[in-house]
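**Q** Have a look; sequence and predicted model below, questions after that.
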Amino acid sequence: MSKIAREEKTAFRMILPYLLIIVLLFIFLIGSNIYNSFTTEEGKFTLQNYSSVFTDPVVGRAIINTGVWVLGSVIGQLLLGLLVALLLNESTRGQIIFRSIILILPWATLDIVAGVMWKWMYNDMYGVLNDVLVKLHIINDYIPWLGSENMAMMSVIIANIWKGFCLSGMFFLAGLQTISPELYEAAEIDGANSFKRFWRITIPQLKPVIMTTLMLTIIWTINYFPLIYIMTGGGPGYGTETVVTYIYKLGFRFLQFNKSAALSNILFIAIFAIAFVFLRNITKEEAR
Amino acid sequence: MRKSTLLVLLMLVVLSFTAVSQVINIWIGGQVAELDETWNMIVGKFEKETGIKVEVQLFGFDIYYDKLLTALQAGQGPDLAFADLGGWVPTFAEKGWLAPMGSLLDSWDGTDEIWPNLWPTVLHNGERYGLPWYTDCRLLLYNQTMFDQAGLDRNNPPETWEEMVFQAVKLTDASKRVFGYGVSGTKTEHTTLAYIIFLYGAGGQLLTDDYSAAAFNTPEGLRALKFYTDLALTYGVSPNAVTYNEDDYRNMMAQNRVAMAVGGPWSFPLIETANPAIVNNYSVSIHPYGAAPASVLGGWALVIPSASKNKENAWELAKYLTSFDTWMTWIEAKGGPMPTRQDVCFAAPVLQDPKWKVIFDTFPHAVSRPPIPQYPQVSEQIQIMIQDVLLGKATPENAIKIAEANVNAILGK
Amino acid sequence: MKRSTKKRVKKTIIYSLLIFLSVVIAFPFVWLILTAIKTYPDIYAYPIKYFIFEPTREHFDRIANMNFWTYFKNSIIVGTGTMFFSILIGLFPAYAFARYEFRYKRPLLAGVMVFQMLPLVVFLLPIFKALNNFGILNTYTGLILSYLPFTTPISIMFMRTFFLSIPESLEEAAKIDGCTFGQAFRKVILPITLPGIAAVGVYAFLFSWSELMYSMSILTTKSKQTIPTFLQLFVGQYQTRWGPLFAGSILATIPPLIIFMILQKFFIAGLVSGSVKE
C-alpha cells in the first residue's frame, strides 16, 4: 500500500468513530427541529413557518444587528487578544500575575454576573462607569450607555469584548510560545527590524491559530446569547435584537416553537456556509 | 375473596402507601423565591402534619420561566409550581400542560375567600387551572422626604394627572439629577403594566372584552400614550426612561433621587432594605388618573402540571399553603406579599397599616391583563410602541396605529 | 549602548501597557469585590461609595448557609470531567487532521464542527428528552455527555493547529530512535503541544463551569445543582440581590483562576527550540 493510502487509513481510523457519533447524534437531535419547522401546530405540512420568517421585519433587523454585533465583537476581541498575547509573550516579570488578571478574570466571570454587572456599571444614575469617567475628566456629563439603540449596541459590544477576548488572547499566547526563537534570531542576524520580524515571522507562524480563532469567534459570537439578553433584552426597541435572541424569544417567550425552529435552521445554513469558506482556506494552506 | 382480587387489593394498598410516602416537588419562583427560610419552615410543618415529603426548589424570576417551560414541554416537571398571573396560566393550559382544578376548587371552602377578580387570570376555555396564592396591584409609591423638601404636603400626593405633572415638575432638578416621577420605558413587562394604568386611568381599555382585537387606539388610549411619554420627553421629570423601570426607580427613590414611581406592596421591604432611613418617609396612594382611578393586578398562582404523578398530594399541599392558618403565620413572619384570601387580608394585624388600607381599597378595581396565550406578544408590541415614542422614532399617533395593527395581526392568528 | 536603551524603552512601554490593561480589565472585577463586602444601603448609596465604607461578610455567610459549597463541589466535578474527556476524545482526531493527508478533509472538518453551528438553546429540549429516555437525566454523567459535543470540536480544532506546528523532523527522529507510535506520541509530541492542550483544558473547564441553561434543566435535584443555577436565584423578580450574587461569583472565580495558574505554566517558550538542534 502506498504511503498516502496507508496514511488515509490510519487517519480515518482516528477520525471516523468520533465523527460518526457526532453527526448521527446531531441528526437525531435536530431531526425533530427540522420536522417542526415544516409543520403547523396541528402537524400538517406547511411552508408558512419559513415564509413568516422571511416576511418578518424583526428578522431583517436582527440580521443587521447580528452583523454589527459580530463585526464589532470579533475585531475587538481578536485585536485585543493579539495585543495582550504579544505583550505577555515579551514580558517575563510578574508573568503569573499579569496573565492571570488579563487572561482569565473576565472569562471566569459567569455570564449572568457579567451581564448584570455591566448593566449596573452602565447605569447613568448611579453607575460606576459614568462616575469614574467624569471624575477622570474624560467626559463632562453622564452618558446614557443603554439609552438609545446605537449606544446600547456599542455598550453590549464593549462588554462582550471584555468578556470574550481572553480566549483569543490565550490561544494566541500559546501559539506565540510555540514559535521557535531561532527563527527570530536568524531574521535579526539578517538585519530585519522588529516590525519586519512581526510581519514576516510572527503572523505567518500564527496563521493557523489566527484563522481557526477567527472562524470560531465569528461563529460563537453569532450564537452567543446570554450577555445581550441580560443587558438589554434585545432593546431598546429592536436595537440589540440579534437572530439568536429572537430565536429564543420565539420559542421560549411566544411559544412559537415551529417558527423558532425554522429560523434556527436558516441560521444553521448560514453558519455552515461561513465555516465552509474558512475551512477551505485553512485546509488549502496545509495541503502539501 | 378470589386470590387474584386479593392480590390486586394488596397491590393497591402497597401502591397507595408508596404514593403517600413519595416525595412531591414544588417549584417556587417570583419574589417569594427569595424567602428560603420561611419556605423551609412552612413546608416543614406540612411534612410533619401529613407525613408527605416535600422537596422545595427556588428559582430566580427570568430563569424560572425557562426552566418550567423546558420541563413542561418534555412532560417532566414538579408536582406543584408557581405561575405568574401575567399570562402564564392560559399559555400553559392551552398547550395541555396543566391539570384542570375547577372541581378541586369547588370542593374546598377556601375558594370563596379568594378575591373574585383574580379568577379570570387562571381561566382557559371556561376551566380554572390555578389557585391564586399571592397577589398585588400597582400604585403610586412616593418619597415623603422629597415632598417635604420641595414644599409639598407629604400626606397629599397627586390624585389627577394635572396635579401629578405640577408636583413632579416641582420635585425635579435635572442639574442635580433629582427627578419627580420615574417613567418605566424598558423592554420589559413593567412598561406594559405602567401603560395599562395610564390607559385605564384615561378611561380606555387594552383589548376588546372577548380579547379578540386591540381596543387601545382610541382618543383615550392616545391621550394616555401622549401623557405617559410627555412626562419624560416634554416635562422632563424622569430619568432616561428607556433604560429604567420601576425597580430601578425604587432604588433611586431610596436614595432620595426620584420622588414618585409605580410600586406596590412588594416595594415596602425592598425600599427599606435599600435605605433604612426611608422608613416612615414613604407611602403609597392610588396612582394619579386622567378620567377615573385605575390599577392593574398581578400575582402568582399554584398550578399542577398534568404530567405530575402526585396530583392528590400536590393538591393537599396547595390547600395547606393557601389555608387561613398558614397565611396568617406567613404574613406575621414576613409582612407581605398580599394574600389572595380576603379573610387574611382583613384579619392580620400587620396588614392594618394605612399603606395596606390603600392597597385593599384599590384592589377590587384593579384590572387583570388579558388571560390569553398570545399575551406576551401583545405586551411586547406595547413596549415597542412606548419605546418608539420615547426614542423619537415615531409620533404617538403613528406608534399607536402600528401597535394596533400588529396586535390585531397577533390575535388574528 | 544604543541597543540596550532601545531595549529598556521597549520594556518600559510593554510593562506600562500591561499595567494599564490590567487595571482596565480588572476594574469590573474589583467593583465586584467591593460590592460583595458592602451592606445594601452602601451598595445603593449615591454619591457612590468607593472605598470608604464598613465592610461586611453578611453576603458570604448567607450563601454559605444556603449550601453554596455543595454546589461548588458539584461544579468542580462536572468541570473537571468535561475538561478531561474533552481533551482525551479530541486528541487523536486532532492529530489525524494535522498530520495525515487524506481525501474529504474539508467536509470531515465541517462535520466535526456541526454542533457549533447552532445556538446552544436549540439543542436543549432534544437533549433533555434524550437524556430522560436513557435514564441519565439528573446525573453528572448525563450533563458532561451533553457538554462534550460542544467542547470536543473546539478541542480538535485547536489541538490540530498545535500539532501542525511541530516540525516533522522531530517525529522522524523519534522513529529512527526506535520509538513506537505510542511512545513517540507520549515522549515527543505531547510535551511540545502542551500549550495547546493546556489552553483547550482551560477552555473546556470554563465552558462547563459557567454554563447555566443545560445544568439548570438537566440536574433537577437541588443537591446536585451547580453554581450558576444557584446564583441565578439572586436575580429576582423585582431586584437583583447584588450582595450574595457577587459574593458567590467571586468565590466561583477561584477554581478557574487556580486551574489557569497551574496550566499557564505550560505556555512556556523554548520547548521546541532545544529539541530541533540538528
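**A** Received it, and whenever you're ready, just let me know what you need.

**Q** Report the next helix or strand after the lowest-mean-pLDDT helix or strand in chain A in sequence order.
**A** Of all regular secondary-structure elements in chain A, judged by mean pLDDT, DSSP states H and E, the least confident is helix A:194-197 with a mean of 76. Past helix A:194-197, heading to the C-terminal end, the next element that is a helix or strand (DSSP states H and E) is helix A:203-223.

**Q** Sticking with the closest residue to B:His124 other than its chain neighbours, tell me its helix or strand.
**A** Excluding the flanking residues, the one nearest B:His124 by CB to CB, 6 or more residues apart in numbering or on different chains is B:Ala93, at 3.8 Å. (C-beta placed from N, C-alpha, C; glycine too.) For B:Ala93, the host element (DSSP H and E) is helix B:88-94.

**Q** which other helices and strands contact that helix?
**A** In this structure, helix B:88-94 makes packing contacts with strand B:123-124, strand B:295-303, helix B:375-390, judged by 3 or more CB pairs under 8 Å, 6 or more residues apart in numbering or on different chains; DSSP states H and E.

**Q** if you set the cut-off to 10 Å instead, what comes out?
**A** Packed against helix B:88-94 by the contact rule (3 or more CB pairs under 10 Å, 6 or more residues apart in numbering or on different chains; DSSP states H and E) you find helix B:61-73, strand B:80-84, strand B:123-124, strand B:127-128, strand B:295-303, helix B:375-390.

**Q** so how far is that helix from its chain's centroid?
**A** Its chain's C-alpha centre lies 16 Å from the corresponding centre of helix B:88-94 when counted by CA atoms, centre = their mean, to the nearest Å.

**Q** And for stretch B:63-81?
**A** For stretch B:63-81, the distance from its own C-alpha centre to the chain's C-alpha centre is 20 Å (CA atoms, centre = their mean).

**Q** cool, stretch B:216-223 as well?
**A** Relative to the chain's own centre, stretch B:216-223 is displaced by 25 Å; criterion: CA atoms, centre = their mean.

**Q** which parts of it are buried?
**A** When neighbours are counted by 16 or more other CB atoms under 10 Å in any protein chain shown, the buried residues of stretch B:216-223 are found to be B:Phe216, B:Asn217, B:Thr218, B:Glu220, B:Gly221, B:Leu222, B:Arg223.

**Q** any chance you could map the helices in chain A?
**A** A:3-37, A:48-55, A:57-90, A:95-99, A:105-108, A:111-121, A:128-135, A:149-178, A:181-189, A:194-197, A:203-223, A:226-232, A:243-248, A:257-286 (DSSP state H).

**Q** closest one to C:Lys73 among those helices?
**A** Ranking the helices of chain A by their distance to C:Lys73 (criterion: CB to CB) puts helix A:105-108 first, at 17.7 Å.

**Q** is chain C contacted by that closest one?
**A** Yes: in terms of CB under 10 Å from any CB of the partner chain, part of helix A:105-108 sits within range of chain C, namely A:Leu105, A:Pro106, A:Trp107, A:Ala108.

**Q** Let's see if you can find the most crowded of the residues you listed.
**A** A:Ala108 (26 neighbours; other CB atoms under 10 Å in any protein chain shown).

**Q** That one contacts C:Met261, correct?
**A** No: between A:Ala108 and C:Met261 there is no contact, the gap being 11.4 Å when judged by CB atoms under 10 Å.

**Q** Mutual contacts of these two, please.
**A** Both A:Ala108 and C:Met261 are contacted by A:Ser100, under the criterion CB atoms under 10 Å, 6 or more residues apart in numbering or on different chains.

**Q** Spatially, what comes nearest to whichever residue of chain A sits closest to chain B if we skip its sequence neighbours?
**A** Nearest residue of chain A to chain B (CB to the nearest CB) works out as A:Gly235 at 3.2 Å. In this structure, A:Gly235 finds its nearest non-sequential neighbour in B:Lys187, 3.2 Å apart by CB to CB, 6+ apart.

**Q** Which element, helix or strand, includes that neighbour?
**A** Following DSSP H and E, one finds B:Lys187 outside all helices and strands.

**Q** give me the number of residues near it?
**A** Using other CB under 10 Å, B:Lys187 has 25 neighbouring residues.

**Q** what does the model give it for pLDDT?
**A** B:Lys187 is assigned a predicted lDDT (pLDDT) of 92.

**Q** cool, and B:Ala81?
**A** Looking at B:Ala81, its pLDDT reads 96.

**Q** Check the gap between it and B:Phe179 for me.
**A** Computed with CB to CB, to the nearest Å, the distance linking B:Ala81 and B:Phe179 is 39 Å.

**Q** ok, back up a step: and the least confident helix or strand of chain A, what's buried?
**A** Of all the residues in helix A:194-197, those buried under the rule 16+ other CB under 10 Å are A:Arg197.

**Q** Ok, stretch C:11-22 next?
**A** Judged by neighbour count (16+ other CB under 10 Å), stretch C:11-22 contains these buried residues: C:Ile14, C:Tyr15, C:Leu18, C:Leu21, C:Ser22.

**Q** Next SSE downstream of the least confident helix or strand in chain C by mean pLDDT?
**A** Of all regular secondary-structure elements in chain C, judged by mean pLDDT, DSSP H and E, the least confident is helix C:181-184 with a mean of 72. Once the chain leaves helix C:181-184, the next helix or strand it forms, by DSSP H and E, is helix C:190-192.

**Q** Next SSE downstream of that next one?
**A** Toward the C-terminus from helix C:190-192 - assigned by DSSP H and E - lies helix C:194-210.

**Q** What is the helix or strand that comes right after that following helix packed up against?
**A** Using DSSP H and E, the helix or strand that directly follows helix C:194-210 along the chain is helix C:213-218. On a contact count with 3+ CB pairs under 10 Å, 6+ apart, helix C:213-218 meets helix B:61-73, helix C:68-99, helix C:120-133, helix C:140-164, helix C:194-210, helix C:227-231.

**Q** and if we set it to 7 Å?
**A** Contact analysis of helix C:213-218 by 3 or more CB pairs under 7 Å, 6 or more residues apart in numbering or on different chains; DSSP states H and E lists helix B:61-73, helix C:120-133, helix C:140-164, helix C:227-231 as its packing neighbours.

**Q** Export those as JSON lines, with columns for mean pLDDT and distance to chain A.
**A** Supplementary listing: the helices and strands packed on helix C:213-218 in JSON lines, determined by pLDDT from 0 to 100; distance: least, CB to the nearest CB, whole Å:
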{"stretch": "helix B:61-73", "mean pLDDT": "88", "distance to chain A": "6"}
{"stretch": "helix C:120-133", "mean pLDDT": "89", "distance to chain A": "4"}
{"stretch": "helix C:140-164", "mean pLDDT": "91", "distance to chain A": "4"}
{"stretch": "helix C:227-231", "mean pLDDT": "92", "distance to chain A": "6"}
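
**Q** returning to what we had before: I'd like to check what contacts the helix holding B:Ala93. Which residues are they?
**A** Counting contacts by CB atoms under 7 Å, 6 or more residues apart in numbering or on different chains, the residues outside helix B:88-94 that touch it are A:255, B:72, B:83, B:98, B:121-122, B:124, B:129-130, B:301, B:303, B:371-373.

**Q** Report the residue ranges of every domain in chain A.
**A** When chain A is parsed with automatic domain parsing, its domains come out as A:1-37, A:48-287.

**Q** quick one on the thing from earlier: thought the residue nearest to A:Gly235 was touching A:Tyr238?
**A** No: under the criterion of CB atoms under 7 Å, B:Lys187 makes no contact with A:Tyr238, lying 8.9 Å away.

**Q** Ignoring the adjacent residues along the chain, who's closest to B:Ile372?
**A** Beyond its immediate neighbours in the sequence, the residue positioned closest to B:Ile372 (CB to CB, 6+ apart) is B:Tyr211, lying 5.0 Å away.

**Q** Close to chain B: what parts of chain C are there?
**A** Along chain C, the residues adjacent to chain B under the rule CB under 7 Å from any CB of the partner chain are C:40-41, C:44-46, C:66, C:124-125, C:128-129, C:132, C:216-217, C:222, C:232-239, C:241.

**Q** And for the nearest residue to B:Tyr134 once chain neighbours are set aside, the neighbour number?
**A** Taking CB to CB, 6+ apart as the measure, B:Tyr134 lies nearest to B:Pro337, with 4.4 Å between them; neighbours along the chain are not counted. Using other CB under 10 Å, B:Pro337 has 23 neighbouring residues.
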